[in-house]
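Q: below: sequence and its predicted model.
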Amino acid sequence: MKASAITHRPPRTWIKVTATVPTSVAEEAAGLLAAVAENGVEYGYTAANQNAPQESLSVYLNDDAATAEKEAAIARLLAELAKAHPAAGPISLHRELITEQDWNATWKDFFKPFPITPTLTIKPSWEAYTSRPEEQVIEMDPGMAFGTGHHASTQLALQLLEPILQVQRSRAPSFLDVGCGTAILAMAAALWGAGTVVAIDNDPDAVFIAKENIKTNHLQTRIAASDTPLAALPGAFDVVVANITSDVLALLAPELVRHLTPGGDLVLAGILRGEQEETIRALYQKHGLTQLASPYREEWVAFHFRR
């Protein structure tokens, strides 16, 4: 059964709120939006043109009883930002209703095989691909879950995980992927030599798609995917990765550290440069972890901590 065959519920809807802001205040505006939104901030203009005078910043709000309050909070925060920087230029807001769709239909036009690290390539199931002898290949369908490997935060997480797992490969380290989405990180870990691999997500659709992708790559005996809450998950792991939003990373800090073995490695991604970066760094150092690396890609940063 392909991941596209999700028929157990009606499509979800979101409110997409887009702020057009002067580029000079875009980072500050993104931080304000991220503090309100559940699912991170999507950049528009400067992704294609670093010299653009304005930046388009979008967030997706769950379409529920709290939406109006969150939209009002966004409008208030951006009005305060504009007042604090009167010379920067105007800030405008636009909203639209977004209905969930099967992302396979959208991605098929431009989701092609691509190398995500020098030794790992992601390919969609509908594309033929011949790999090099030294190359690992993950075949996947995104379905309704986020995660094709194109996003900078996923690439940063893999950039950090590959050398960690190469060093520990001989002892087959245990591995935990928190907020696994389509299970790219969990599958990469298994291919790179992890032993016990556990992938969890609180979205049942993500878990369904993760299991389908794991099965497609013949890794179902290596990876266990479920919606088990992190707090209810037993044991500790040699390597833990969480590629989720910074507010959730802050909330989960005690549990993520608790599930890390002494001397274990923790990789965090989904964090914006600037205020979010400093908050996460300080919080996890307060929990007794040592920062070993913090690479950047576009407006994103990831961390490698060791317990």
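A: Structure's in. What do you need? Residues are numbered from 1 along each chain as shown.

Q: going forward, measure contacts and count neighbours with C-alpha atoms only.
A: OK.

Q: pLDDT at residue 90, what is it?
A: The confidence metric pLDDT takes the value 90 at residue 90.

Q: A helix includes it, no?
A: No - counting by DSSP: H, G, I helix; E, B strand; the rest coil, residue 90 falls outside a helix, being coil.

Q: touching, it and residue 21? I think so.
A: Yes - judged on Cα atoms under 8 Å, residue 90 makes contact with residue 21 at a distance of 6.7 Å.

Q: how many neighbours does the nearest residue to residue 229 once chain neighbours are set aside have?
A: Closest residue in space to residue 229, ignoring its immediate chain neighbours: residue 202 at 6.9 Å, by Cα to Cα, 6 or more residues apart in numbering. Applying other Cα atoms under 10 Å, we find 16 residues neighbouring residue 202.

Q: how about residue 132?
A: That count, for residue 132 with other Cα under 10 Å as the rule, works out to 9.

Q: and the residue nearest to residue 229, which helix or strand is it part of?
A: Of the helices and strands defined by DSSP states H and E, none includes residue 202.

Q: would you check that it makes contact with residue 228?
A: Yes - at 7.4 Å, residue 202 and residue 228 qualify as touching, with contact defined as Cα under 8 Å.

Q: show me the contacts for the residue nearest to residue 229.
A: By Cα atoms under 8 Å, 6 or more residues apart in numbering, the residues touching residue 202 are 179, 227-229.

Q: how is this protein carved up into domains?
A: Domain assignment for the chain, taken from automatic domain parsing, gives 13-100, 104-306.

Q: worst mean pLDDT among those?
A: When those are compared by mean pLDDT, domain 13-100 comes last with a mean of 84.

Q: how far away is the closest residue to residue 62 other than its chain neighbours from residue 185?
A: Leaving aside its chain neighbours, residue 62 sits nearest to residue 14 (4.9 Å; criterion: Cα to Cα, 6+ apart). Separation of residue 14 from residue 185 (Cα to Cα, to the nearest Å) stands at 26 Å.

Q: also residue 286?
A: With distances taken as Cα to Cα, residue 286 is found 26 Å from residue 185.

Q: more crowded one of these two?
A: Neighbour tally, residue 286 and residue 185, criterion other Cα under 10 Å: the higher count belongs to residue 185, 26 against 10.

Q: show the contacting residues for the more buried one.
A: Applying Cα under 8 Å, 6+ apart, the residues contacting residue 185 are 154, 157-158, 177.

Q: partner strands of the longest strand anywhere in the chain, with direction?
A: Criterion DSSP state E: the longest strand present in the chain is strand 260-272. If you go by DSSP bridges, strand 260-272 pairs up with strand 237-243 (parallel), strand 300-306 (antiparallel).

Q: so which bits of the last one are buried?
A: If I follow you right, that is strand 300-306. Neighbour counts over strand 300-306 (16 or more other Cα atoms under 10 Å) mark 300-306 as buried.

Q: starting at the chain centroid, how far to stretch 22-34?
A: Taking Cα atoms, centre = their mean, to the nearest Å, the mean C-alpha location of stretch 22-34 is offset from the chain mean by 19 Å.

Q: need the strands for the stretch 1-150 of the chain, in chain order.
A: Secondary structure of the stretch 1-150 of the chain by DSSP state E, counting those that start in this stretch: the strands cover 13-22, 42-43, 54-62, 92-99, 114-117, 120-124, 136-140.

Q: which of those sits closest to residue 162?
A: With Cα to Cα as the criterion, residue 162 lies closest to strand 114-117 of those, at 8.4 Å.

Q: which elements pack onto that closest one?
A: Other helices and strands packing on strand 114-117, by 3 or more Cα pairs under 8 Å, 6 or more residues apart in numbering; DSSP states H and E, are strand 120-124, helix 152-168.

Q: any chance of the ones you listed in JSON lines, plus distance to residue 60?
A: Converted to JSON lines, the helices and strands packed on strand 114-117 look like this (distance: least, Cα to Cα, whole Å):
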{"stretch": "strand 120-124", "distance to residue 60": "26"}
{"stretch": "helix 152-168", "distance to residue 60": "18"}
